[in-house]
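# Here is my input; please provide its structure:
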Amino acid sequence: MKKKKPEPVRVEAPISKEDFGPIVKRIRLEHNLTQSQVAEALNVTPGYISNVENNRTAMSLRMLMYYARLTDTSLDSLAGVLVPEYQETALDQDLIAEIRRMDVAEKEKLLKTLKIWRKK
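Numbers count the residues shown, from 1 in each chain. Model prediction:
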């Protein structure tokens, strides 16, 4: 018996580059990075980063992959901010990324807190 192919994700509206620039900027600022630092890491000019953040240009997939790696953000997380169908997956990925940055003691505290919270 053949397995069915999964249904493709249907997007109600195309992802707009007008929505993306402010997201790129917010993520950069959350990581306390300057446009110059991001530009140096991605081997582009600060002007390119400014243009992306101000929706004058869109990042290529390659740049987006480098940016995601630089900011420890998954690509689906970046897309999840824009496409509702991906938000749950993006949230899971964000949680996993935060947990990976914790030490053992912090993870134990988090687990205890979650267990207490779930009992309510």
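# Following element in sequence after the one helix or strand in the chain whose mean pLDDT sits lowest, please.
Ranked by mean pLDDT, DSSP states H and E, the weakest helix or strand in the chain is helix 75-80, scoring a mean of 69. Following helix 75-80 in sequence order, the next helix or strand is helix 87-100 (DSSP states H and E).
# tell me which strands and helices that next one is in contact with?
helix 75-80 (3 or more CB pairs under 8 Å, 6 or more residues apart in numbering; DSSP states H and E). C-beta here means a position set from N, CA and C on the backbone, and glycine is covered the same way.
# quick one: low-confidence parts of the chain?
1-18, 77, 79-88, 90, 120 (pLDDT under 70).
# top helix in it by residue count?
helix 104-119 (DSSP state H).
# so it versus helix 87-100, what angle?
140 degrees (axes from the mean of the first three to the mean of the last three CA atoms, to 10 degrees).
# Kindly export stretch 63-75 (C-alpha atoms) in CSV.
What follows is stretch 63-75, C-alpha atoms only, in CSV (Å, rounded to 0.1, in the frame of the first residue of the first chain):
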residue,chain,number,x,y,z
MET,A,63,20.6,35.5,3.0
LEU,A,64,17.6,34.5,5.0
MET,A,65,19.3,31.2,5.9
TYR,A,66,22.4,33.1,7.1
TYR,A,67,20.3,35.6,9.0
ALA,A,68,18.3,32.8,10.7
ARG,A,69,21.5,31.1,11.7
LEU,A,70,23.0,34.4,13.0
THR,A,71,20.0,35.2,15.1
ASP,A,72,19.4,31.6,16.2
THR,A,73,16.0,31.7,14.6
SER,A,74,14.6,28.9,12.5
LEU,A,75,13.4,29.6,8.9
